[in-house]
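# Quick one, structure for this:
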Amino acid sequence: MGDYSGLIGQHYNLYERISSPTLQIVMANTVAKYLAEKNIPRPLIVDLGCGNGRSMEHILRTCQGDVIGVDCEPVMLTQARKRLEEYCGRVLLVESDVLGLPMQIIKRIRPDVIASAEMIHNLPPEQRLLVYERVFYALDGGFFVNADKFALDNGEEHRKNFLSAISTFEALNEMGMPELRDAWLRHMERDETQGYKQYVGETADLLNRIGFKNVEVVWREGLFAIIRGIKP
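Below you'll find the model as predicted:
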């Protein structure tokens, strides 16, 4: 996920200025709903690919308990530390590649929820499978939620949403950041290649085969969706 070590990671705050926080808000609300249903007063939540702390901040605002954020890019974790200073007693940030993270340690601390936002689509399909299998292993009767980019089955509708999404990056050119705009456009175009496109139906089937129960798409808007499942 080298894109985030360069211009994109260094100026990720500008992406936030031109993108909606709805994905992160709905994910945090999905986590909070599960925790309330299970009556877990002081949960432990792990955020895989936490980036600059955007999703963690919404989770911390919405839920009680502690959050461990994992990301492989130091530039993103530096931003997350600054962003989450007011929650310092509830946050632990870990620099690690998701596939290199020792899941036996995560399993030992018994997280109630493992979440991920806008990360897994950056991995090739065979690595996504490994992430889902590792999440399943680490959870002990817990909850998994993935808020990410998913292609629509209707190719024409998907292309329309894609063109709408990339048009928002023109704002970066207006801010005097054409190199950043071009970096994002290259990143977005890569996501459109067949090796990186992911679909909610295929992902749901994969989670079911691994052993997750109650797999469900709880939200969908444009290029993004949220899918959840429970480790029995």
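
# alpha carbons only for contacts and neighbour counts from here, please
Noted.

# quick one, longest strand in this structure?
Counting by DSSP state E, the longest strand found in the chain is strand 213-221.

# buried sites along the helix ranked longest in the chain?
Secondary structure of the chain per DSSP state H: the longest helix is helix 22-38. Buried residues in helix 22-38, counted by 16 or more other Cα atoms under 10 Å: 23-32, 34-35.

# Format these as a markdown table; extra columns: distance to Leu14 and pLDDT.
Output for the buried residues of helix 22-38, formatted as a markdown table (distance: Cα to Cα, whole Å; pLDDT from 0 to 100):
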| residue | distance to Leu14 | pLDDT |
| --- | --- | --- |
| Leu23 | 17 | 97 |
| Gln24 | 16 | 97 |
| Ile25 | 18 | 97 |
| Val26 | 21 | 98 |
| Met27 | 21 | 98 |
| Ala28 | 22 | 98 |
| Asn29 | 24 | 98 |
| Thr30 | 26 | 98 |
| Val31 | 26 | 98 |
| Ala32 | 28 | 97 |
| Tyr34 | 32 | 97 |
| Leu35 | 32 | 97 |
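
# Could you single out the nearest of those to Ala80?
Minimum distance to Ala80 across the buried residues of helix 22-38 is 14.9 Å, recorded for Gln24 (Cα to Cα).

# packing partners for the worst-scoring helix or strand of the chain on mean pLDDT?
Lowest by mean pLDDT, DSSP states H and E among the helices and strands of the chain is helix 103-108, with a mean of 90. Where contact means 3 or more Cα pairs under 8 Å, 6 or more residues apart in numbering; DSSP states H and E, helix 103-108 is packed against helix 125-138.

# who touches the helix it packs on?
98-99, 103-104, 106-108, 110-111, 114, 120-121, 144, 195-196, 206-207, 210-212, 231 (Cα atoms under 8 Å, 6 or more residues apart in numbering).

# same question for the helix or strand following that helix, mean pLDDT?
As assigned by DSSP states H and E, the chain's next helix or strand after helix 125-138 is strand 143-149. In this model, strand 143-149 has a mean pLDDT of 98.

# Just give the strands next to strand 143-149 in its sheet, each with its orientation.
Using DSSP bridges, the strands paired with strand 143-149 in its sheet are strand 113-117 (parallel), strand 224-230 (antiparallel).

# Can you list the low-confidence ranges for the protein?
Scanning the chain for pLDDT under 70 picks out 1-2.

# Please name the residues that touch the residue most central in space within the chain.
The centroid of the chain falls nearest to Ala117 when counting by Cα atoms, centre = their mean (1.2 Å). By Cα under 8 Å, 6+ apart, the residues touching Ala117 are 24, 47-50, 55, 146-148.

# For Tyr12, which non-adjacent residue is spatially closest?
Asn52 (7.6 Å; Cα to Cα, 6 or more residues apart in numbering).

# now swap in Gln198 and tell me
Nearest non-adjacent residue to Gln198 (Cα to Cα, 6+ apart): Phe150, at 5.2 Å.

# residues touching the one you found, list them.
By Cα under 8 Å, 6+ apart, the neighbours of Phe150 are 121, 197-200, 223-225.

# still on that earlier bit, looking at this, the residue nearest to Tyr12 is in a helix?
No. In this structure, Asn52 is coil, not part of a helix, as judged by DSSP: H, G, I helix; E, B strand; the rest coil.

# count of neighbours near it?
26 (other Cα atoms under 10 Å).

# Identify the residues contacting it.
Asn52 touches 12, 76-81, 83, counting by Cα under 8 Å, 6+ apart.

# ditto for Ser19
Residues near Ser19 by Cα under 8 Å, 6+ apart: Thr168.

# how much space is there between the residue nearest to Tyr12 and Arg61?
The gap separating Asn52 from Arg61 is 16 Å, by Cα to Cα, to the nearest Å.
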